[in-house]
Every structure is written in C-alpha cells, then in structure tokens.
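A.B. asks: Sharing a model prediction with you, sequence too.
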Amino acid sequence: MKWLLAVVLAVAAGILCGSIIARSALCYKFVAHYQPQRSADIWLGYRARNETVSQLSVSRELALLRAQFADEEKWRAALRANHLCAWQLGRVVKDHLRSRAWLDRQLTLATSVRDDECRVYFAQHQADLVQPIRYRVAHLFLAAPPETPEEVVTTKRRTIDDLARRLKQGEQFPDLVAQFSEDEATKKRGGDLGYFSDARMPADFLAAVRTLQIGQLSEVVQTKLGFHILQLTDMKPERPMSLEEARPEIATELQNAKRREAVPKLIVDLARDAEFVRK
C-alpha cells in the first residue's frame with residue numbers, strides 16, 4: 001500500500017504544478033502544448049475551480065493518507081521524497097475533491113429521470129415488473145458458522161433439539177426465542193425476519209421455508225450460519241407491480257443506462273475542450 005501512495009504523491013506533485021499554471025483558460029493552451037498527457041486533467045481542474053469543498057472533507061482525506069504510514073517520520077519522509085510539504089498536498093487533495101464534486105454534479109444532471117420516462121418504461125416492460133412471492137418468517141437461531149469448533153457445534157445441536165422438543169410439548173415460540181435465540185436483531189420481536197423474497201435468503205434456508213404452511217413450525221434446520229427453528233407467519237403471492245411500486249426500480253435502471261452513456265460523453269467533451277496547441 002505504501003508504494004502505491006508514493007506513486008499517488010508523485011502524480012499529485014505533477015498535478016499541483018499543472019494546476020497552478022492552469023488558472024485560466026488562456027494559460028491552459030500553453031500547458032497543453034508542453035504537457036499533452038495531462039491536458040484533460042488540467043482542464044477538468046479549471047472547470048471545477050468554483051466548486052465548494054469544506055476543510056473538513058480535505059482533513060478527512062489527508063487523515064486517510066496519513067493513516068497508511070506507521071509514524072510521523074515515515075509520513076514526512078514520503079512527502080520529502082515526492083517534493084511535497086503538507087500544505088501542498090492539502091491543496092492537491094482540495095483540487096481533487098473539487099474535480100470529483102464537479103463530475104458528480106455533471107453526472108447527476110445527466111442522469112436525472114423524468115416522470116414521463118418512468119411511465120414510458122413501465123408501459124414497455126410491465127410484464128417483467130412483478131412483485132415476487134414473499135415470505136414472512138420468525139426464527140429461533142443458534143449460531144454455528146463453519147469456523148465453530150466441533151464440540152461447540154455438538155453442544156448447540158443438543159440445545160436446539162431440546163428447544164424443538166419443548167415447543168412440541170406446548171411452550172410458546174416467542175418465549176423461547178426471547179430466552180435462547182442468538183440473533184440479537186430479532187429476538188426482542190419474537191424472531192421476526194420481516195418479509196423477504198428468494199433473492200434475499202440462502203437457498204438452504206428457503207428450501208425449509210417453502211415446506212411450511214402459515215403458522216407451522218419447522219424441524220431443526222441447519223444452514224451454513226447455524227441452527228434454526230422456523231415459523232412461517234405470512235406469505236404474499238407473486239403479483240404485478242403498480243407504477244408507484246416499480247418507480248424506484250425503473251428510476252435506477254434508467255439512471256444506470258444514462259450513466260453508461262454520460263461517462264464516455266463527458267470524457268469526450270473534456271478532451272474536445274482541451275484543444276491541443278500543436279507546433
């Protein structure tokens with residue numbers, strides 16, 4: 001990682017020199033003549049010169065760089081080796097953050113999605129916009145991931161088998177979940193995992209869920225995470241989605257498509273604006 005940062009610092013030093021020269025569009029053409037490989041970067045810096053960047057953001061980026069070095073002496077040695085001091089690096093980082101903010105803003109503008117675009121997409125793809133079958137399950141869980149020692153796995157297997165026996169004898173599922181489940185996120189709400197579709201759960205977990213009727217408790221189920229006793233509490237069948245339900249998914253799809261078009265176009269535009277001066 002340190003060698004990589006040294007390269008970054010070296011490049012940053014070059015960018016700093018170029019950015020100092022390229023403070024105006026007029027100076028830019030002369031820089032492009034002598035440093036054609038950096039022309040697009042310099043022009044980007046010129047475009048982004050008015051972007052607002054907080055000192056907190058700069059300090060955070062500098063702290064991340066500084067954290068790559070074991071001590072202050074090695075950090076300062078790396079700066080000296082790249083002919084930089086702390087304030088120069090801070091200026092480079094600030095310019096970088098300005099450029100990034102400008103690019104983000106351009107891409108946000110280029111990838112905004114209008115309501116009429118969502119409606120057209122919905123009309124054209126309505127057959128594919130389906131809410132999949134969803135299950136609601138509660139579980140009593142004892143953790144036993146692959147790295148668990150064998151003797152611990154054996155103990156937990158005995159415990160979960162005993163809990164399954166107690167459930168068959170009439171003890172209440174939520175009570176045992178609250179006492180014994182090791183899923184801290186769900187034990188206080190009766191082990192409720194909420195609604196989920198096939199895409200959200202491991203195949204071995206889903207295979208057990210699909211065998212249950214609403215209200216039914218499963219036998220002990222072992223997955224790669226550990227041991228479960230499952231209860232299917234509700235199920236919603238597959239159905240077509242409405243426009244409002246599908247809107248977030250449609251907007252994401254359209255934004256991704258626009259981004260794929262916008263990024264190459266932005267690169268071309270920056271390169272075209274860079275107008276190399278040739279002898």
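C.D. replies: Received the coordinates, thanks.

A.B. asks: ok, how many other residues are close to the closest residue in space to residue 132 that isn't next to it in sequence?
C.D. replies: Using C-beta to C-beta, 6 or more residues apart in numbering and skipping the chain neighbours, the partner closest in space to residue 132 is residue 197 (4.4 Å). To be clear about C-beta, it is placed using only N, CA and C from the backbone, and glycine gets the same treatment. When counting by other C-beta atoms under 10 Å, one arrives at 14 neighbours for residue 197.

A.B. asks: same deal with the one 3 residues further on?
C.D. replies: Using other C-beta under 10 Å, the number of residues around residue 200 comes to 14.

A.B. asks: Residue 77 too?
C.D. replies: Using other C-beta under 10 Å, the number of residues around residue 77 comes to 12.

A.B. asks: where does it land on pLDDT?
C.D. replies: For residue 77, the pLDDT comes out at 88.

A.B. asks: For it, what are phi and psi?
C.D. replies: Note on residue 77: its backbone torsions stand at phi -70, psi -40 [degrees, to the nearest 10].

A.B. asks: And it, how close does it get to residue 108?
C.D. replies: Separation of residue 77 from residue 108 (C-beta to C-beta, to the nearest Å): 40 Å.

A.B. asks: Kindly report the same for residue 221.
C.D. replies: Residue 221 is 45 Å from residue 108, by C-beta to C-beta.

A.B. asks: quick one: which of the two has more around it?
C.D. replies: Neighbours per residue, other C-beta under 10 Å: of residue 221 and residue 108, the larger number sits with residue 221, 19 against 12.

A.B. asks: any idea how far that one lies from residue 270?
C.D. replies: 56 Å.

A.B. asks: In this structure, which residue is most central in space?
C.D. replies: Geometric centre of the chain, nearest residue: residue 252, 14.2 Å, by C-alpha atoms, centre = their mean.

A.B. asks: List the buried residues in the helix or strand hosting that residue.
C.D. replies: Using DSSP states H and E, residue 252 sits in helix 243-273. Residues of helix 243-273 classed as buried: 246, 247, 250, 251, 254, 255, 258, 262, 270 (neighbour count, 16 or more other C-beta atoms under 10 Å).

A.B. asks: now stretch 167-177
C.D. replies: Neighbour-count burial for stretch 167-177 flags 167, 173, 174, 176, 177 (criterion: 16+ other C-beta under 10 Å).

A.B. asks: wait, what's in contact with the first one?
C.D. replies: Shown here is residue 167, whose contacts under the criterion C-beta atoms under 8 Å, 6 or more residues apart in numbering are 173, 176, 217, 229.

A.B. asks: Go ahead and list the helix or strand containing the residue lying closest to the first one once chain neighbours are set aside.
C.D. replies: Closest residue to residue 173 in three dimensions, ignoring its sequence neighbours and counting by C-beta to C-beta, 6+ apart: residue 231, at 5.8 Å. Secondary structure assigned from DSSP H and E places residue 231 in strand 226-236.

A.B. asks: Who are the packing partners of that strand?
C.D. replies: strand 134-143, helix 150-168, strand 192-196, helix 203-209, strand 221-222 (3 or more C-beta pairs under 8 Å, 6 or more residues apart in numbering; DSSP states H and E).

A.B. asks: May I see those arranged in TSV, with distance to residue 103 and mean pLDDT as well?
C.D. replies: Below are those laid out as TSV (distance: least, C-beta to C-beta, whole Å; pLDDT from 0 to 100):
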stretch	distance to residue 103	mean pLDDT
strand 134-143	38	96
helix 150-168	51	96
strand 192-196	36	94
helix 203-209	40	91
strand 221-222	48	94
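
A.B. asks: which one of the ones you listed is the most hemmed in?
C.D. replies: Stretch with highest mean neighbour count among the helices and strands packed on strand 226-236: strand 134-143 (a mean of 22; mean count of other C-beta atoms under 10 Å).

A.B. asks: Who are the packing partners of that strand?
C.D. replies: In terms of contacts (3+ C-beta pairs under 8 Å, 6+ apart), strand 134-143 is packed against helix 150-168, helix 173-180, strand 192-196, strand 226-236.
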